[in-house]
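>>> Okay, structure incoming, though there's no sequence with it:
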Ligand SMILES: C[S@@+](CC[C@H](N)C(=O)[O-])C[C@H]1O[C@@H](n2cnc3c(N)ncnc32)[C@H](O)[C@@H]1O
């Protein structure tokens with residue numbers, strides 16, 4: 001994980017209160033608190049990983065009753081693991097201040113596809129991909145889910161390990177992960 005790339009974008013949002021959704025053991029919460037000690041930084045996850053004082057909540061539930069508000073929501077390798085991303089965004093959007101941001105860090109679906117193709121042809125020994133992923137969502141699919149809540153993409157940046165290839169004479173660099181930043185109207 002290229003933390004510099006991730007936190008460069010976090011810093012650009014000028015947030016005061018952040019919720020990391022699907023926080024796992026809490027690395028994002030821990031790292032953000034270190035870098036932004038004056039801000040309120042919290043995390044939630046469906047499971048209790050006992051990390052960094054994170055709370056247990058299912059963001060896909062119709063009974064999601066989280067009350068606090070934030071000007072930054074982060075989802076680091078979490079969106080692709082949600083059983084109902086539409087319901088999750090509806091629940092989370094209600095907790096996001098107008099003008100606030102949603103930052104999504106995801107595997108780049110194009111990178112995953114290339115790794116899987118190379119693997120299928122016996123070029124790699126690594127398997128590629130994650131069994132707990134429900135669907136590898138790309139920027140366009142995530143846009144369609146979040147746009148209806150007044151969230152519009154203001155940044156799309158690839159980062160991490162790179163595959164370089166030439167397709168029909170065009171040189172391409174495809175990176176392992178991508179960052180999507182959305183701003184809420186208001
Ligand atoms: C691949 S892990 C990423 C954990 C952490 N963000 C990281 O990067 O280390 C995905 C996380 O999403 C959480 N998750 C999945 N569905 C969820 C839901 N409905 N509500 C809250 N968290 C959920 C999982 O429990 C898991 O901790």
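Right, received. Where do you want to start? Computed from a predicted model, the values in this text were never measured in an experiment.
>>> use CA for all of it now, contacts and neighbours both
Fine.
>>> What's opposite residue 72 in the beta bridge?
Listed beta-bridge partners, residue 72: residue 18, residue 101 (assigned using DSSP bridges).
>>> any idea of the pLDDT on it?
The predicted local distance difference test score for residue 72 is 98.
>>> burial of it, as a residue count?
Applying the criterion other Cα atoms under 10 Å, we find 25 residues in the vicinity of residue 72.
>>> thought it was touching residue 103?
Yes. Under the criterion of Cα atoms under 8 Å, residue 72 makes contact with residue 103 at 7.4 Å.
>>> chain center to the biggest helix by length in the chain: distance?
Longest helix in the chain by number of residues (criterion: DSSP state H): helix 109-120. In this view, helix 109-120 has its centroid 20 Å away from the chain centroid, taken as Cα atoms, centre = their mean, to the nearest Å.
>>> same for that helix, what does it pack against?
With contacts defined as 3 or more Cα pairs under 8 Å, 6 or more residues apart in numbering; DSSP states H and E, the packing partners of helix 109-120 are strand 170-184.
>>> now the angle between helix 109-120 and the strand it packs on, please.
Between the axes of strand 170-184 and helix 109-120, defined by axes from the mean of the first three to the mean of the last three Cα atoms, to 10 degrees, the angle is 140 degrees.
>>> Those residues of this structure touching the ligand, which are they?
Proximity of the chain to the ligand (Cα under 6 Å from any ligand atom) is limited to residues 22-24, 45-47, 57-60, 76-78, 81-82.
>>> Now, of the residues you listed, which are buried?
In terms of neighbour count (16 or more other Cα atoms under 10 Å), the buried residues within the residues of the chain next to the ligand are 22-24, 45-46, 57-60, 76-78, 81-82.
>>> In this structure, where is pLDDT below threshold?
Scanning the chain with the threshold set as pLDDT under 70 gives 126-129.
>>> just so I have it, where are all the strands in it?
For the chain, the strands defined by DSSP state E cover 17-21, 40-45, 55-56, 70-76, 96-107, 151-167, 170-184.
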